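> here's a sequence, model it:
(one chain, ligands or ions: 3)
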Amino acid sequence: MKRVDIIGAATAFGQPKLGVDLGPDALRYANLIEEIEKMNIEVNDKGNIYSDFKVDASTHSRRSENNLKNYEQVVDFSEKLAAAADESVRAGAFPLVIGGDHSLSIGSLAGISPHYDNLGVIWYDAHGDLNDSASSPSGNIHGMPLAIACGVGDEKLVNIHKTGAKIKPENVVLIGMRDLDEGETRYIKDRNILTYTMRDIREKGISAVMSDALEYLEAKTDGIHLSLDVDALDPEETPGTGTPVGEGLSLWETLLAMNILHDSGSITSMDLVEVNPLLDEGNMTAEKAVAMASALFGRKQK
Ligand SMILES: NC(=[NH2+])NCCC[C@H](N)C(=O)O
Ligand SMILES: [Mn+2]
Ligand SMILES: [Mn+2]
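Residues are numbered from 1 along each chain as shown. Ligands and ions are numbered 1, 2, ... in the order given. Below you'll find the model as predicted:
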């Protein structure tokens, strides 16, 4: 790896709660850059990307006609982020996109995937984020990015940066699932997406799950993007996030998972999303997220 590019995705437009656009700076405050540098990796902090639209607290996330909230804002932000992520991969760097809500993955995957024939994706999350505007119960676009990357959903969002689907559903693995909507469950079944629910993780153990996921993806992909939503962890571990779901992964399980991914040498890019410092206890969610990223870059657990 030549270097890690930190791309701050300062967006809150994919969901209704204010504050998640401060996530990138909360992660920097928790020493994200210094911790990765300790692994003898060159880090280039490219600063934050902002939409040209400002968050207006009085109108933020009002339901829009097509059941896509803050639609133009997300389109605009995704184009900008895709360009930045594309530039990083082109330069030979490892893009670490720090959020920001999970709608940022529309842009990160759009920018990264054109550099691969078959990009794999590990979606480490309590949620599938596989809704489209029809199946979404909320209209929040952070519940849709994985479907959009697979080519399902609003045309403009599907065609961000490059026309058409960015990834194939057979190159996706879902890990940590415990809050799937009806339409998402149907999509997973129809496409036969490899899915590890919390129950699966309890039964098999996280290390077997990670090894199986890697084995499945390494056989057919030429790069693997990790999209890590901090709500994959239990809310007792990561309270500073907008859509917490109980009975989640622990920090130690996640650090172990990140060590296994590091040792594989197969991860080529990453999103670290949904840290909301306004909902946090101190800055503990950002601090744990930094520990997870450091583990992905090689910091070993004792
Ligand atoms: N990235 C997230 N935290 N997504 C939460 C999505 C929640 C719900 N499934 C929805 O579509 O509204
Ligand atoms: Mn989630
Ligand atoms: Mn998510």
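> list every C-alpha atom in stretch 245-263, with coordinates, as PDB.
The C-alpha trace of stretch 245-263 is given here as PDB (Å, rounded to 0.1, in the frame of the first residue of the first chain):
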ATOM      1  CA  VAL A 245     -30.000  -1.700  17.200                       C
ATOM      2  CA  GLY A 246     -29.500  -3.900  20.300                       C
ATOM      3  CA  GLU A 247     -27.900  -7.300  20.600                       C
ATOM      4  CA  GLY A 248     -25.000  -6.200  18.400                       C
ATOM      5  CA  LEU A 249     -21.300  -7.100  18.000                       C
ATOM      6  CA  SER A 250     -18.800  -6.300  20.700                       C
ATOM      7  CA  LEU A 251     -15.700  -4.200  20.300                       C
ATOM      8  CA  TRP A 252     -13.400  -7.200  20.700                       C
ATOM      9  CA  GLU A 253     -15.300  -9.200  18.100                       C
ATOM     10  CA  THR A 254     -14.900  -6.300  15.700                       C
ATOM     11  CA  LEU A 255     -11.200  -5.800  16.400                       C
ATOM     12  CA  LEU A 256     -10.700  -9.500  15.800                       C
ATOM     13  CA  ALA A 257     -12.700  -9.200  12.600                       C
ATOM     14  CA  MET A 258     -10.500  -6.200  11.500                       C
ATOM     15  CA  ASN A 259      -7.300  -8.100  12.300                       C
ATOM     16  CA  ILE A 260      -8.400 -11.000  10.200                       C
ATOM     17  CA  LEU A 261      -9.200  -8.700   7.300                       C
ATOM     18  CA  HIS A 262      -5.800  -7.000   7.700                       C
ATOM     19  CA  ASP A 263      -4.000 -10.400   7.700                       C
END
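> so which bits of this protein are right by ligand 3?
By C-beta under 5 Å from the ion, the residues of the chain that approach ligand 3 are 102, 125, 127, 129, 229. Any C-beta I mention is one placed from the backbone N, CA and C, and that applies to glycine too.
> from these, which are also near ligand 1?
102, 127, 129, 229 (C-beta under 6 Å from any ligand atom).
> out of the residues you listed, grab the one that's most surrounded.
Highest neighbour count within these, by other C-beta atoms under 10 Å: residue 102, with 33 neighbours.
> quick check, it in a strand?
No - according to DSSP: H, G, I helix; E, B strand; the rest coil, residue 102 belongs to no strand; its state is coil.
> give me the low-pLDDT residue ranges for the stretch 1-150 of the chain?
63, 65 (pLDDT under 70).
> can you pull the pLDDT of the residue positioned nearest the centre of the chain?
Nearest residue to the geometric centre of the chain (C-alpha atoms, centre = their mean): residue 227, 3.3 Å. Here the pLDDT value assigned to residue 227 is 99.
> give me the three-state assignment for the spatially closest residue to it that is not a sequence neighbour.
Ranked by C-beta to C-beta, 6 or more residues apart in numbering and with sequence neighbours excluded, the top spatial neighbour of residue 227 is residue 271, at 4.5 Å. Using three-state DSSP, the structure places residue 271 in strand.
> residue 271 and residue 106 touch, don't they?
No - using C-beta atoms under 8 Å as the test, residue 271 is too far from residue 106 to be in contact (10.5 Å).
> the more surrounded of these two?
Each of residue 271 and residue 106 has its neighbours counted (other C-beta under 10 Å); residue 106 has more, 33 against 30.
> next up, the contacts around that one.
For residue 106, the contacting residues are 74, 78, 82, 141, 144-145, 148-149, 157, 160, by C-beta atoms under 8 Å, 6 or more residues apart in numbering.
> how about residue 13?
Contacts of residue 13 by C-beta under 8 Å, 6+ apart are 51, 53, 55, 61, 69-70, 73-74, 77, 101, 103, 141.
> what is the end-to-end distance of stretch 272-284?
Stretch 272-284 has its terminal residues 15 Å apart, counting by C-alpha to C-alpha, to the nearest Å.
> close to ligand 2, is that stretch?
No - using C-beta under 5 Å from the ion, stretch 272-284 never reaches ligand 2; the gap is at least 6.1 Å.
> setting aside sequence neighbours, what's the nearest residue to the residue of the stretch 51-200 of the chain found nearest ligand 3?
Closest residue of the stretch 51-200 of the chain to ligand 3, C-beta to the ion: residue 102 (3.7 Å). With sequence-adjacent residues excluded and distances taken as C-beta to C-beta, 6+ apart, residue 102 is closest to residue 142, at 4.1 Å.
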